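J.: quick one, fold the following:
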Amino acid sequence: MAQTYLGYHPGDSDTPWGTYFNPEMAELPRHAVIALEHGPQADQVLLGFDSAGTILDEGYQQTENGYGTLRGGGFQVSIRTDMPGVTPAMWDWWFGWHGSESTRYKLWHPRAHASAHWGDDNGSGYVGRTSIIEEYLGSAYAKAAIQFLEPSALGLDASRLGNDLAVCARLGSSELPVDIGWFVHHVRATPDGAEMRSRFWMGGPYIGVRRGNRLADSVIRPIAARQLPDPRDLLVHCAQEMNHLASFLPALYARFEGP
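T.: Numbering: from 1, shown residues only. So this is what the prediction gives:
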């Protein structure tokens, strides 16, 4: 594979979508800054993995923006993104569209995303497929495999979604047969567009060797633990990329939606 790099090199912007690449990113939303200022929160105000399905309930949860260590091990991160003019359908399209080209993936976070491709050579959409990505989380470089799953894999009742969207995945390494966490991005309509409510569960009991592999759990867990992102870096990264893409996703969708 070609060498990975941040940003666009000469010729990258010659693609039909190259005009949407913008290295200037907006400031973090105030609610994200407040969450960082607050620091780690008590596990009792964080969403437990076994209660992931409650993200579909009306209203808001006790912690919409924040992070902290869970009593059973690992950590949890939550962040909300307000997206005027955006619809859940636009995000559903985006997750299937961006994964085949690194130059598309870089639109999402021009200061941190390096490369992306699908782990399979066929198929469409994203559910049931694995996205192989390279990106920075803070100053740490990650080579990850994102296995997109049906919402039921995280205990979400798809019949409750209606026109809303739940992007669910198992997150792991693209170099080792190990997974390190789970996430869901719940996108629901609002009067002026949509909002995304993201939840991550990482480390501790959420680390696992992939099915069919014989590597000893006692060997792989310490290695996987060293690949975990810092919770603050994960919160910042998610807030940055979701806000940045939402600012031009309606225009991108209008131009490229379809086969």
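
J.: count the neighbours of residue 42 for me.
T.: Neighbour count of residue 42, defined by other CB atoms under 10 Å: 11. C-betas here are computed from N, CA, C, even on glycine.

J.: ok, it - contacts?
T.: Contacts of residue 42 were listed using CB atoms under 8 Å, 6 or more residues apart in numbering, and they are residue 68.

J.: in the stretch 101-250 of the chain, which spans are strands?
T.: With strands called from DSSP state E, counting those that start in this stretch, the stretch 101-250 of the chain shows them at 113-118, 130-137, 140-149, 165-173, 178-190, 193-202, 208-209.

J.: which strands and helices sit next to the fifth one?
T.: Looking back up the chat, that one is strand 178-190. Packing partners of strand 178-190 (3 or more CB pairs under 8 Å, 6 or more residues apart in numbering; DSSP states H and E): helix 88-97, strand 165-173, strand 193-202, strand 208-209, helix 217-225.

J.: what is the least confident helix or strand in this structure?
T.: Here the helix or strand of the chain ranked lowest by mean pLDDT, DSSP states H and E is helix 217-225, holding a mean of 70.

J.: what angle separates that one from strand 178-190?
T.: Orientation check (axes from the mean of the first three to the mean of the last three CA atoms, to 10 degrees): helix 217-225 against strand 178-190 gives 50 degrees.

J.: mind putting the strands of the stretch 101-250 of the chain into JSON lines with distance to residue 61?
T.: Below are those laid out as JSON lines (distance: least, CB to CB, whole Å):
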{"stretch": "strand 113-118", "distance to residue 61": "28"}
{"stretch": "strand 130-137", "distance to residue 61": "24"}
{"stretch": "strand 140-149", "distance to residue 61": "21"}
{"stretch": "strand 165-173", "distance to residue 61": "15"}
{"stretch": "strand 178-190", "distance to residue 61": "11"}
{"stretch": "strand 193-202", "distance to residue 61": "8"}
{"stretch": "strand 208-209", "distance to residue 61": "26"}
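
J.: redo those strands as TSV? Include mean pLDDT and distance to residue 73.
T.: Output for those, formatted as TSV (pLDDT from 0 to 100; distance: least, CB to CB, whole Å):
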stretch	mean pLDDT	distance to residue 73
strand 113-118	97	29
strand 130-137	97	20
strand 140-149	96	21
strand 165-173	97	16
strand 178-190	96	12
strand 193-202	98	10
strand 208-209	86	13
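
J.: give me every residue that touches residue 143.
T.: With contact set as CB under 8 Å, 6+ apart, residue 143 has these partners: 132, 133, 134, 173, 174, 175.

J.: kindly report the same for residue 230.
T.: So residue 230 contacts 137, 138, 140 (CB under 8 Å, 6+ apart).

J.: what does it show for phi and psi?
T.: Dihedral pair for residue 230: phi -70, psi 130, per degrees, to the nearest 10.

J.: gap between it and residue 208?
T.: 21 Å (CB to CB, to the nearest Å).

J.: same thing with residue 61?
T.: Separation of residue 61 from residue 208 (CB to CB): 26 Å.

J.: go through the strands of the stretch 101-250 of the chain and name the closest to residue 236.
T.: Closest to residue 236 of these, according to CB to CB: strand 130-137, at 8.7 Å.
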